[in-house]
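Engineer: below are the sequence and a predicted model; questions follow.
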Amino acid sequence: MGTFHQGKSELHGITVVVDTTGPEVFVGRCDDEDDRGIVLDDVDVFRDGEGGRSKAEYLERAARFGTWKKHDRLLIPRERVASVRRLGEI
Amino acid sequence: MPYSPMLVKPMREELTSAGVEELLTAADVDAFMSQKSGTALLVVNSVCGCAAGMARPGVRLALQHDRRPDRVVSVFAGQDLEATARARSYIPDIPPSSPSIAFFKDGELVHFTPRHRIEGRDAHALANDLVAVFNEFCAVPATA
């Protein structure tokens, strides 16, 4: 048994990777998405090249262990979103 | 802010009825972690049905396997705050997530299932993952 949330997008509650058209990639728990963009909770953000790592290298570790949140909640505008996928599928 | 104890009682019992011991205080966690030898499973239980609703049945299914950890315990994130924080302090390199499942062999973390490896999967898929870990690290039960 658990608690369930009605009226949200199908990705609600799922940890997703939101890649952008720029250097940033976001990882967080999807709350909802609509025409404005995607709202994430407990969000980490990584910039390509940060700490000498590529986006792919960052995501490889994120997929194994998870991420440390930098923001409680963020809206990523639709026009910046290049792709959205489940972290669990990486 | 923790949920009502009445709301989470069935979520606790879903694990305790399968033989999982709840660690309710930091002292409980310290006592558990001080026992280094053998295998141990630590479940970080949580309320949200998006993932925990599959984590608990997955753990229950896995514990029906013939090979299983010597000790199986849980802490409840968002409820037993002190115990959960102390449990996480033993795996400081791992970002906190709940639900999640840590497997220890001789006191060392050898496998970790974060929340995102539970989300959107069914209980059998999670149980299969855990059974694979049990098969790798747990002893074959003695036969009579």
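Structural biologist: Right, received. Where do you want to start?

Engineer: all the helices of chain B, residue numbers only.
Structural biologist: Shown for chain B, the helices assigned by DSSP state H span residues B:5-16, B:26-34, B:52-62, B:81-89, B:123-137.

Engineer: please identify the most buried of those.
Structural biologist: helix B:52-62 (a mean of 23; mean count of other CB atoms under 10 Å in any protein chain shown). Heads up, the C-betas are built off the backbone N, CA and C, glycines and all.

Engineer: who's in contact with it?
Structural biologist: With contacts defined as CB atoms under 8 Å, 6 or more residues apart in numbering or on different chains, helix B:52-62 is touched by A:1-2, A:4, B:11, B:14-15, B:18, B:20, B:41, B:43, B:45-46, B:68, B:72, B:98-99, B:101, B:118, B:121-127, B:130-131, B:134.

Engineer: mind checking how far that helix is from the chain centre?
Structural biologist: Centre-to-centre, helix B:52-62 and its host chain are 10 Å apart (CA atoms, centre = their mean, to the nearest Å).

Engineer: equivalent analysis for stretch B:100-115, please.
Structural biologist: Relative to its chain's centre, stretch B:100-115 lies at 9 Å (CA atoms, centre = their mean).

Engineer: just stretch B:89-96 next, same as before
Structural biologist: Between the centre of stretch B:89-96 and the centre of its chain there are 14 Å (CA atoms, centre = their mean).

Engineer: quick one: the strands in chain A, in order.
Structural biologist: A:15-20, A:24-34, A:37-47, A:71-77, A:81-86 (DSSP state E).
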